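Peer 1: coords below, sequence missing:
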């Protein structure tokens with residue numbers, strides 16, 4: 001069990017990734033970004049699932065995006081929180097809502113699936129284009 005002040009691996013990798021995106025904004029491959037920062041810091045950041053040659057995009061990159069209650073723009077992203085993340089406060093919160101347009105942020109005790117349904121996301125079989133999800137491999141996405 002992790003101590004109160006310890007960061008989970010997911011949070012550490014996320015911090016390394018954000019630092020790397022700042023240092024290497026031209027690099028689109030998350031694995032390369034994490035590797036470069038690891039080298040700079042003298043850390044060996046191990047290979048993780050989803051960080052190989054195929055990059056699984058984050059909700060921040062792909063959506064779905066919802067109307068923000070603060071700015072009204074379509075930039076609100078809903079994240080699921082793992083119970084060990086600092087943001088979850090020991091399992092108190094299960095999800096986090098963040099607007100990438102105005103930096104609005106709040107946490108929720110509701111599960112991410114419940115919030116997605118409340119915001120009108122329909123879980124159905126469809127192509128990513130049909131449900132409004134874009135990935136970095138799509139034409140016109142940077």
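Peer 2: Now that the structure is in, tell me what you want to look at. What you see is a predicted model, and the numbers here were worked out from it, not measured in a lab.

Peer 1: Now tell me which helix or strand of the chain has the poorest mean pLDDT.
Peer 2: Using mean pLDDT, DSSP states H and E, the weakest-scoring helix or strand in the chain turns out to be helix 59-62, at a mean of 71.

Peer 1: Contacts for the helix or strand following that one, please.
Peer 2: Later in the chain than helix 59-62, the nearest helix or strand by DSSP states H and E is strand 66-67. Contact with strand 66-67 is made by 73, 74, 76, 77, 78, 119, 120, 121, as judged by C-beta atoms under 8 Å, 6 or more residues apart in numbering. Bear in mind the C-beta positions are built from the backbone N, C-alpha and C, glycine included.

Peer 1: Please tell me how far strand 66-67 is from the chain's geometric centre.
Peer 2: Offset of strand 66-67 from its chain centre (C-alpha atoms, centre = their mean, to the nearest Å): 16 Å.

Peer 1: Listing partners with orientation, what would you give for that strand?
Peer 2: Strand 66-67 pairs in its sheet with strand 74-80 (antiparallel), by DSSP bridges.

Peer 1: So which bits of the longest helix anywhere in the chain are buried?
Peer 2: Of all the segments assigned as helix in the chain under DSSP state H, the longest by residue count is helix 9-23. The neighbour-count check on helix 9-23 (16 or more other C-beta atoms under 10 Å) flags 13, 16, 17, 19, 20 as buried.

Peer 1: do stretch 128-139 as well
Peer 2: Using 16+ other C-beta under 10 Å as the test for burial, stretch 128-139 gives 133, 134.

Peer 1: any chance you could map the strands in this protein?
Peer 2: Here the chain has its strands, by DSSP state E, at 66-67, 74-80, 95-99, 105-108.

Peer 1: Give me the distance from the longest one to the chain's centre.
Peer 2: Relative to its parent chain, strand 74-80 has a centroid offset of 9 Å by C-alpha atoms, centre = their mean.
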